[in-house]
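Participant: Need a 3D model of the sequence below.
(2 chains)
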Amino acid sequence: MPHFDLSLVLHGQYNDWLLTGLRLSLELAGTTFALALPLALVVALLRLSPNLALRTLGAAYVEGIRNVPLIAHLLFWYFGAPELLPDDLKQRLYARNAEFICATIALTLYTASFMAEDIRSGIRAIPVVQIEAGRALGFGFLQTMRRVVLPQALRVTVPPLISQTLNLWKNTSIATVIGVAEMMYEAARVETATFRSAESFAFVTAAYLGVSLVITGLGVWYHRRYPVRTA
Amino acid sequence: MRLNLRTVFAATVAALAFASAAHADQLDDIKKKGVIVFGVLGTDEPNSFVDPKTREIVGYEVDIAKAIAQKIGVKAEFKQLAVAARIPELQQGRVDVLAASLTHNKERESQIDFSLTTFVTGQKVLVKTSSGIADVPQLAGKKVLTVKGGTQEPNIRKAVPNVDVVTFETTQQAFLALQQGKGVGYVNDEASIVNDYAKLGPAKKDYTILPTSISVEPLALGLRKNEPALKAVVDNTLRGLESSGEAGKLFVKWYGPATKLQFDKRSFKIDSDKI
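Facilitator: Numbering: from 1, shown residues only, chains lettered A, B, ... in the order given. Reported below is the predicted structural model:
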């Protein structure tokens, strides 16, 4: 077996490919996070709503989405869903970066379903007397959530949300199956061109691990700086 | 003896040293096992594909593989591989020989050995007629679709320097993406493109195969390096097929005028492993 030569992927053309892939992975993760977190909040509140229809809607979303593998979501949103669009919308989608857009949609829906459950758990960790006190002061459901419960729930929810963010970061690698040129895609391309799978995947492993450690470090910092206040 | 770290380490080093010294000949191993495992694509009609009626893998390369197995006197087993996984699976010993539409080129010669060239085809681009693209240079700046891990991507990039290439796990997904309009061109071996084009049926009029070939692809069987006995048997079987006329008959059976491909004559002979 040829000796392990890391400089092959640290300089030159192959390094460019891998860095472009890394940048796209980060863009995909960032865009998805920005969209998934608000959606997750909405779904969590739906599940806790006093209205039965809204509760059912929230539960249907979570159960329907999180029980299907991510790769199935990606293939559906890329090969299946766009074909159902009217023709002019479809052409406009394909004229832009359809792979990235469909991957973002699939990842957002998938990640939001897990984050919604974590947010819901965080809200449930706040003593119910807080909600009762909020209602007694005359606040409606949404106002109670916004002014009383969610600010307290935030500190509890952050560690599981960090966990979901880590999962999101790693799940971006699955977007390679619909042709998104992120890091795993570029690593496979380097491997095909050079036959050096060890160096190519060493780079990718280091990159995924590096960003994951940054995300984890952020969580540890937040937990130290803003510990959960016990009642 | 105490099972501490030092002992385990020493034992591992000793085992590895002996493992590399005892390198049996692959042909002997195959004869002892009574089975030869061929890595095939199984999705590339007519080289290797699943017959819808019998659910068996059949094709031009499959028939050649069976002839080799018969010559050695063992049973032939077929293992389906993804395009990108062919060479790694051969190198790691999970298949004995590759019969998987494998192009013989200089880059791959450093990794594996090749048999005599069994088929010569080009690589072409399939486009939708409505895209208005009449030949390969017009693909500049456009998006083309193909499979990961083959010679398609490097070839189209060489032919059209600023083309945008998106690759998928299988050729079927890339072809589906073309049909859905996600890209303007689909790149693959000419024989596969002609086969897919023929299978379109009435939709054929909406598609065009661009006239220029972007490369010449000599397909051959793949073998691990440093296995002279196996290579000799494989090459001799191929020479035998060629001289007896069997190779010509196989070409007609899978690519001839009665098939979807409708090639009327063979432009090559199975006689050389030089490219």
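Participant: any residues touching stretch B:30-41, and which ones?
Facilitator: Identification of contacts with stretch B:30-41 by CB atoms under 8 Å, 6 or more residues apart in numbering or on different chains yields B:47-48, B:57, B:59, B:61-62, B:65, B:68-69, B:72-81, B:83, B:86, B:89-90, B:94-101, B:222, B:230. Quick note: C-beta positions are derived from backbone N, CA and C, even for glycine.
Participant: after the host helix or strand of B:L176, next one along is what?
Facilitator: Taking DSSP states H and E as the definition, B:L176 sits inside helix B:171-180. Counting by DSSP H and E, the next helix or strand C-terminal to helix B:171-180 is strand B:185-189.
Participant: secondary structure class for the most centrally placed residue in chain B?
Facilitator: In chain B, the residue lying closest to the centroid (CA atoms, centre = their mean) is B:S101, at 1.9 Å. Under DSSP: H, G, I helix; E, B strand; the rest coil, the three-state class of B:S101 is strand.
Participant: Now do it, the pLDDT please.
Facilitator: pLDDT, B:S101: 94.
Participant: What of the one 4 residues further on?
Facilitator: The confidence metric pLDDT takes the value 91 at B:N105.
Participant: Isn't it up against B:T151?
Facilitator: Yes. Assessed by CB atoms under 8 Å, B:N105 is found in contact with B:T151 at 6.6 Å.
Participant: And these two? Which one has more around it.
Facilitator: B:T151 (22 against 16; other CB atoms under 10 Å in any protein chain shown).
Participant: Tell me which residues touch the more buried one, please.
Facilitator: Contacts of B:T151 by CB under 8 Å, 6+ apart are B:T103, B:N105, B:Q123, B:S215, B:E217.
Participant: Also A:I65?
Facilitator: A:I65 sits next to A:H73, A:L109, A:Y110, A:A112, A:S113 when contact means CB under 8 Å, 6+ apart.
Participant: out of the residues you listed, which are buried?
Facilitator: Among the contacts of A:I65, those classed as buried by neighbour count (16 or more other CB atoms under 10 Å in any protein chain shown) are A:H73, A:L109, A:Y110, A:A112, A:S113.
Participant: Pull the number of nearby residues for the residue of the stretch 51-200 of chain B found nearest chain A.
Facilitator: Proximity of the stretch 51-200 of chain B to chain A (CB to the nearest CB) peaks at B:V166, 4.1 Å away. Residues near B:V166, counting by other CB under 10 Å, number 22.
Participant: Assign it to helix, strand or coil.
Facilitator: At B:V166 the chain is in strand, as set by three-state DSSP.
Participant: what about the helix or strand of chain A with the lowest mean pLDDT, near chain B?
Facilitator: One helix or strand of chain A scores below all others by mean pLDDT, DSSP states H and E: helix A:7-10, with a mean of 83. No. Counting by CB under 8 Å from any CB of the partner chain, chain B is not contacted by helix A:7-10; separation bottoms out at 14.1 Å.
Participant: Can you spell out which helices and strands pack onto that helix?
Facilitator: Identification of packing neighbours for helix A:7-10 by 3 or more CB pairs under 8 Å, 6 or more residues apart in numbering or on different chains; DSSP states H and E yields helix A:12-48, helix A:197-225.
Participant: List the buried residues of that helix.
Facilitator: A:L8, A:V9.
Participant: next one: stretch B:143-154
Facilitator: Neighbour counts over stretch B:143-154 (16+ other CB under 10 Å) mark B:K143, B:V144, B:L145, B:T146, B:V147, B:K148, B:G149, B:G150, B:T151, B:Q152, B:E153, B:P154 as buried.
Participant: And those, which is closest to A:M184?
Facilitator: B:K148 (10.7 Å; CB to CB).
Participant: How far does stretch B:91-106 stretch from one end to the other?
Facilitator: Using CA to CA, to the nearest Å, one end of stretch B:91-106 lies 17 Å from the other.
Participant: Quick check, the residue in chain A closest to chain B?
Facilitator: For chain A, CB to the nearest CB, closest residue to chain B: A:G179, 4.1 Å.
Participant: any idea how far the residue positioned nearest the centre of chain A lies from A:W77?
Facilitator: In chain A, the C-alpha nearest the mean C-alpha coordinate belongs to A:L168, at 3.7 Å (CA atoms, centre = their mean). Here the criterion is CB to CB, to the nearest Å. By it, A:L168 lies 16 Å from A:W77.
Participant: Kindly report the same for A:R66.
Facilitator: Distance, A:R66 to A:W77, by CB to CB: 15 Å.
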